[in-house]
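Asker: pasting the sequence and the predicted model now:
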Amino acid sequence: MPTDKEEKKSTPALEHPEDGRNSRRQRRTGEVISPEQGYCVADSSNKGRRTSEEMVKPRRRYTVETDVDAARSAAGAQSGKRPGSGEVSVAPFDSQEVDQYLRDLTDNYRWSKELPRPTDLGRMREELKADLEEVPVLTRDGAVTNVYNKINEDAFLTRQDKELVWNCLAIVREMFWKLENQQSGGYQWNMNWKHTRAEVDQVYDAARLLGLTTRETRDALIASIFSDSIKSRKNFIIHNVHGAQAAAQALSYFLDASKQNDRKSMERVARACKEHQIAPPEFMATIVSIMLHHKHKLSRFNPNATTDGATKHSTILSIYNKIRDPFNESNVAADLRSIAFTENERELLSVIGIKEWYVPHPNDPTSRIAHAVIAGDHSINYNHPEGFAKIALLRGPDTESIFEDPTIHHSLESAVQSFTDSFRVIMPEVQSLALKGLRRTKVAVERVNAIMSEMFNGVVVGPRGSKAPCGFSSIEQAVARAHEKHPNLYHADFCVLSEEGNKYVEGTLRRVGQIMDDWYKEHGNIPFNSKRNSFDEPGPGKLPFWNHPLKYPERDEDGNLVLDNLNELEREQFFFADKIREIAVELLRAEQWVFSLPEH
């Protein structure tokens, strides 16, 4: 299986006589960079801080031993207590009981096909390590490193705990790669996997802020890994439950389900997977309500509508108000672990597959593992360039009808709105993490917007002629003009690149150039709207999904797009909208490598 580096080779790099020149040119930190000097300021102060480790060598067996094995000397003792009762049982469970226990946790090994017992874990671990080395993060002292080195070199977790985390992450990565090759479309690899590999860093930081133990921190990381592992456009509203089942499936390969402490870890990982679904609460409440209105063939959901107390509308509104306010104790069960739905509410919810809505209530001290996952997910989603890239991928053309945004700017704005919504359920101890990075991400989005504005303003440098446009030239000229018009965005206070970061950014610009070249070759010019009269502002007409609302195709009864109701120009604009989103995602992900001096 190719590594992520090899996967990127599927987009050929453009030949350019000056390609790579920026990485060879030395620059002084602190100066305002001219267009000729590249994307950002190169940071030479961080050279040598990133240590390269040897690739993980295949071992005969990867396993994790617990610290309670000594207690098994009392194997003859019997305990009537079941897992979770507060007592540690030292009596061994027989194989039949263990099998039934795992069947209950995994829904009869439901995801064993997607997550089979690994037979080539050494190779999977090597590929994982290479992949994670492409995810830039900051250490606690502000140095730029990658997510693998940050966690692996930190002494907080034991070596055994790290092994279990890497094993689980390697299995999930393998699954995402296989699903992507089966399904295509980028949903699994380009969105879910790349989100997961970045999220573990934020969850690690959140766990430390919450004061979790080493074992709890390990379990929070594993819950993060599996929380979105079984997620598709079809099971969005219950993917948390499926992720919990998948976590138990994978953990059964490395933990011993006959041991009480290993069961405890499996159960709390599964629980945290289920509970992370509450955020952002108002957004989730809205999605559930829209789905219920659609399934029950009701009118469009309106949370402000007045309803008759005896109607389905009022029952759905009650569900909405409970899910959007999950920490209100009048809305939750006595154990504080789930929403207290009425029988009528449960009957309606069953139609969309919801049996419970799990809650990590702050008054429940055992909910802190889930809160580490929620805080990490919040940080990577709503105040990090990778999260904005993920949100962009979720919305716009060829997504669900509820995500059909007029422009890419509306898609990115939804991340800002969700930040406020999600922040309401963030624990006080991790609010600093939830806020960290807002300024950096704001400037990152402004840089992306500046570059794309120059790409799509119709300006051609040099004589116009019959020669087809060059994708690489278009992005190169756009970056240069963005530098000229917005020098403040490229000052070292906001834009510092490590050597590795500079290489990644240059690769991004080549990929964007290739996206445009492919369009030019297959479709011709950018499909701007026609200008209505000569008094319109200079330049080309408006570009749907960029600075004009995109017209979406109608859908049939099954929700499939019907492109025939669009004219030829509208179809081209719908197809090009996907390229707008693709370019935005590439540029946003390049921004992961850009840090400001205060962050150093």
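Answerer: In hand now; what should we look at?
Asker: C-alpha only now, for contacts and for neighbours.
Answerer: OK.
Asker: how does this protein divide into domains?
Answerer: Per automatic domain parsing, the structural domains of the chain span 4-48+470-599, 95-280+363-433.
Asker: among the ones you listed, which is nearest Thr311?
Answerer: domain 95-280+363-433 (23.5 Å; C-alpha to C-alpha).
Asker: let me see the contact set for the most centrally placed residue in the chain.
Answerer: When C-alpha atoms, centre = their mean is applied to the chain, the residue found nearest the centroid is His195 (2.8 Å). By C-alpha atoms under 8 Å, 6 or more residues apart in numbering, the residues touching His195 are Ile380, Glu386, Gly387, Lys390.
Asker: mind putting the domains of the chain into a markdown table with mean pLDDT and distance to Ile451?
Answerer: Formatted as a markdown table, the domains of the chain follow (pLDDT from 0 to 100; distance: least, C-alpha to C-alpha, whole Å):
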| stretch | mean pLDDT | distance to Ile451 |
| --- | --- | --- |
| domain 4-48+470-599 | 75 | 5 |
| domain 95-280+363-433 | 94 | 14 |
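Asker: let's have those domains in CSV, adding distance to Phe301.
Answerer: Converted to CSV, the domains of the chain look like this (distance: least, C-alpha to C-alpha, whole Å):
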stretch, distance to Phe301
domain 4-48+470-599, 18
domain 95-280+363-433, 12
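Asker: which of these is buried the deepest?
Answerer: domain 95-280+363-433 (a mean of 20; mean count of other C-alpha atoms under 10 Å).
Asker: return the distance of that one from the chain's centre.
Answerer: Mean C-alpha position of domain 95-280+363-433 versus that of the full chain (C-alpha atoms, centre = their mean, to the nearest Å) differs by 9 Å.
Asker: distance check, Ala370 against Asp228.
Answerer: The gap separating Ala370 from Asp228 is 13 Å, by C-alpha to C-alpha, to the nearest Å.
Asker: same question, Leu255
Answerer: For Leu255, the distance to Asp228 - C-alpha to C-alpha - is 21 Å.
Asker: Asn547 now?
Answerer: Distance from Asn547 to Asp228, by C-alpha to C-alpha: 33 Å.
Asker: do Ser418 as well
Answerer: 18 Å.
Asker: equivalent analysis for Phe423, please.
Answerer: 20 Å.
Asker: do the same with His409
Answerer: 25 Å.
Asker: again, but for Pro280
Answerer: 15 Å.
Asker: isn't Val351 up against Lys297?
Answerer: No. Look at Val351 against Lys297 with C-alpha atoms under 8 Å: they stay out of range, at 12.0 Å.
Asker: the closest residue to Phe301 other than its chain neighbours - how many residues pack around it?
Answerer: Nearest residue to Phe301 in three dimensions, chain neighbours excluded: Ile290, at 5.7 Å (C-alpha to C-alpha, 6 or more residues apart in numbering). The number of residues packed around Ile290, counting by other C-alpha atoms under 10 Å, is 20.
Asker: okay, Ile290: pLDDT?
Answerer: We have a pLDDT of 94 for Ile290.
Asker: is it true that it touches Ser299?
Answerer: No. Judged on C-alpha under 8 Å, Ile290 makes no contact with Ser299 at a distance of 9.5 Å.
Asker: which stretches of the stretch 151-300 of the chain form helices?
Answerer: Per DSSP state H, counting those that start in this stretch, the stretch 151-300 of the chain carries helices over the ranges 159-183, 194-209, 214-227, 239-251, 260-275, 281-295.
Asker: who wins for proximity to Asp107 among the ones you listed?
Answerer: Ranking the helices of the stretch 151-300 of the chain by proximity to Asp107 (C-alpha to C-alpha) places helix 239-251 first, at 6.5 Å.
Asker: residues contacting the closest one, please?
Answerer: So helix 239-251 is contacted by 102, 105-107, 109-112, 115-117, 168, 171, 222-223, 226-232, 266-267, 269-277 (C-alpha under 8 Å, 6+ apart).
Asker: repeat that for stretch 422-435.
Answerer: With contact meaning C-alpha under 8 Å, 6+ apart, stretch 422-435 is reached by 205-206, 209-210, 279-281, 327, 362, 371, 374-376, 378-379, 383.
Asker: same question, stretch 394-403
Answerer: With C-alpha under 8 Å, 6+ apart as the criterion, stretch 394-403 contacts Arg233, Glu404, Asp405, Pro406, Thr407, Ile408, Ser411, Tyr552, Phe574, Ala577, Asp578, Arg581.
Asker: stretch 337-356 now?
Answerer: With C-alpha under 8 Å, 6+ apart as the test, stretch 337-356 has contacts from 237-238, 291-292, 295, 315-316, 319, 322-323, 326, 331-333, 357-361.
Asker: any idea how far the residue nearest to Thr214 when sequence neighbours are not counted lies from Leu433?
Answerer: Leaving aside its sequence neighbours, Thr214 sits nearest to Leu157 (C-alpha to C-alpha, 6+ apart; 5.5 Å). When distance is defined by C-alpha to C-alpha, Leu157 is 20 Å away from Leu433.
Asker: and the nearest residue to Pro281 once chain neighbours are set aside, what pLDDT?
Answerer: Once flanking residues are discounted, Pro281 sits nearest to Arg324: 4.6 Å by C-alpha to C-alpha, 6+ apart. With respect to pLDDT, Arg324 has a value of 97.
Asker: residue contacts, Glu586?
Answerer: Ala389, Thr508, Arg511, Val512.
Asker: now for the residues you listed: which two are most distant?
Answerer: It's Ala389 and Arg511 that sit farthest apart of these, by C-alpha to C-alpha, at 15.5 Å.
Asker: quote the end-to-end distance of stretch 231-247.
Answerer: Using C-alpha to C-alpha, one end of stretch 231-247 lies 13 Å from the other.
Asker: separation between Gly559 and Val594?
Answerer: Counting by C-alpha to C-alpha, the gap from Gly559 to Val594 is 40 Å.
Asker: same question but for Leu587, I mixed them up
Answerer: Leu587 is 11 Å from Val594, where distance means C-alpha to C-alpha.
Asker: skipping adjacent residues, who's closest to Ala392 in space?
Answerer: Ser411 (5.7 Å).
Asker: how near is that neighbour to Val505?
Answerer: 23 Å.
Asker: for Glu446, what are its contacts?
Answerer: Applying C-alpha under 8 Å, 6+ apart to Glu446 gives the contacts Leu489.
Asker: next up, phi/psi of it, please.
Answerer: phi -70, psi -40 (degrees, to the nearest 10).
Asker: got a list of what Thr420 touches?
Answerer: So Thr420 contacts nothing (C-alpha under 8 Å, 6+ apart).
Asker: just to be sure, it is in a helix?
Answerer: Yes. Checked against DSSP: H, G, I helix; E, B strand; the rest coil, Thr420 lies within a helix.
Asker: please enumerate the strands of the stretch 251-400 of the chain.
Answerer: Taking DSSP state E, counting those that start in this stretch, the stretch 251-400 of the chain contains no strands at all.
Asker: that older thread, ok, the residue nearest to Thr214 to Lys150 distance?
Answerer: Counting by C-alpha to C-alpha, the gap from Leu157 to Lys150 is 11 Å.
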